[in-house]
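> The sequence and its predicted three-dimensional model are supplied below.
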Amino acid sequence: MSGLMRRSLLVATGLIALLLGLVAGFPARLALGWFAPPELRAWGVDGTVWRGRAAEVVLEGRSLGALSWQAHPSRLLVLQPSWSFELRRPDGYVRARVGASLLANRQSIENLEASLSLATLPPAIVPNGVAGQLRATVQTLELADGWPSRIVGRAAVNELDLPGVILTLGPFEFRFADQPGPPSGEIRSLGGPLAVDGRIDLPAPRQWRFRAELAPGESPPRELIDGLAFVGEDLGGGRRLLELSSHE
């Protein structure tokens with residue numbers, strides 16, 4: 001190695017070390033004040049962007065819980081910083097490793113585990129009036145320009161309440177297998193008064209398709225049986241076909 005190359009390598013190494021040092025020591029409170037969107041607030045912030053915690057995080061006026069984080073410095077060397085996050089709240093938790101590419105508008109979420117009540121989350125995440133207990137295990141969720149480009153994992157929702165529906169539904173399972181192409185997942189009922197056998201596809205950015213067969217399930221009340229008659233297309237035998245898409 002020539003002297004010039006050696007000096008260039010030393011300079012580059014020094015700059016990287018300086019960058020890592022600046023990032024490691026940057027106060028988390030200051031970072032939130034500079035970069036957080038106005039609808040996001042945090043109290044009891046302690047530590048740095050490298051490692052720290054917030055006693056409470058609030059999104060759109062609704063508390064999400066206590067948040068802690070720790071960076072993975074090795075990913076900075078390839079311009080793909082990542083952090084491990086854990087959110088704790090009285091009704092459950094969410095933990096995941098979140099990364100981003102500085103060279104493209106892409107994000108990744110790995111090893112996500114969650115158990116919490118849907119009703120306690122803000123409308124930006126779950127619409128008002130939707131309630132149920134969520135349990136999720138997602139190995140990979142990749143986002144391109146804010147839209148899922150790959151999903152591998154599963155989730156289950158128990159005792160699902162929907163706006164305008166007088167019955168508690170579920171439990172339901174959502175499963176996205178590791179497969180090539182755009183994300184595509186199965187939706188199955190695991191019991192309850194409504195039997196669901198369906199699929200959701202995300203064929204392109206900002207596009208989705210939902211297709212499911214609905215039928216009376218276990219001990220369905222008369223209200224559900226009568227209400228199904230007005231849903232989707234009649235397949236006979238009490239079954240109905242419901243199809244929805246982003247184009248409608």
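In hand now; what should we look at? Nothing here was measured: the structure is a model prediction, and the numbers come from that model.

> which non-adjacent residue is nearest Glu159?
Nearest residue to Glu159 in three dimensions, chain neighbours excluded: Thr168, at 5.1 Å (Cβ to Cβ, 6 or more residues apart in numbering). Every residue, glycine included, has its C-beta placed from N, CA and C.

> shouldn't the one you found be in contact with Asp161?
Yes: with contact defined as Cβ atoms under 8 Å, Thr168 reaches Asp161; the gap is 5.7 Å.

> what sits against the residue nearest to Glu159?
Residues counted as contacts of Thr168 (Cβ atoms under 8 Å, 6 or more residues apart in numbering) are Glu159, Leu160, Asp161.

> Turn the buried ones among the residues you listed into a named ChimeraX selection, would you?
Only the buried entries of these go into this ChimeraX selection, using 16 or more other Cβ atoms under 10 Å:
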select :160,161
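
> Just the contacts of Thr168: which are in strands?
Glu159, Leu160, Asp161 (DSSP state E).

> Tabulate these (JSON lines), appending pLDDT and distance to Gly47.
What follows is the ones in strands among the contacts of Thr168, written out as JSON lines (pLDDT from 0 to 100; distance: Cβ to Cβ, whole Å):
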{"residue": "Glu159", "pLDDT": "87", "distance to Gly47": "37"}
{"residue": "Leu160", "pLDDT": "88", "distance to Gly47": "37"}
{"residue": "Asp161", "pLDDT": "88", "distance to Gly47": "38"}
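
> quick one: the residue nearest to Glu159 from Pro180, how far?
To Pro180, Thr168 is 37 Å away according to Cβ to Cβ, to the nearest Å.

> now Pro163
The value you get for Pro163 to Pro180, if Cβ to Cβ is used, is 36 Å.

> Go through the contacts of Thr168 and say which is closest to Leu244.
Leu160 (16.8 Å; Cβ to Cβ).

> ok, what's across the strand from that closest one?
Leu169 (DSSP bridges).

> From the chain's centroid, how far away is stretch 152-170?
17 Å (Cα atoms, centre = their mean, to the nearest Å).

> Show me which residues of that stretch are buried.
For stretch 152-170, burial by neighbour count (16+ other Cβ under 10 Å) applies to Val152, Gly153, Arg154, Ala155, Ala156, Val157, Asn158, Leu160, Asp161, Leu169, Gly170.

> Would you check which pair of the residues you listed lies furthest apart?
Farthest-apart pair in the buried residues of stretch 152-170 is Val152 and Asp161; separation 28.2 Å (Cβ to Cβ).

> still on that earlier bit, ok, of the ones in strands among the contacts of Thr168, which one's closest to Asn111?
Distances from Asn111 to the ones in strands among the contacts of Thr168, taken by Cβ to Cβ, are shortest for Leu160, at 25.4 Å.
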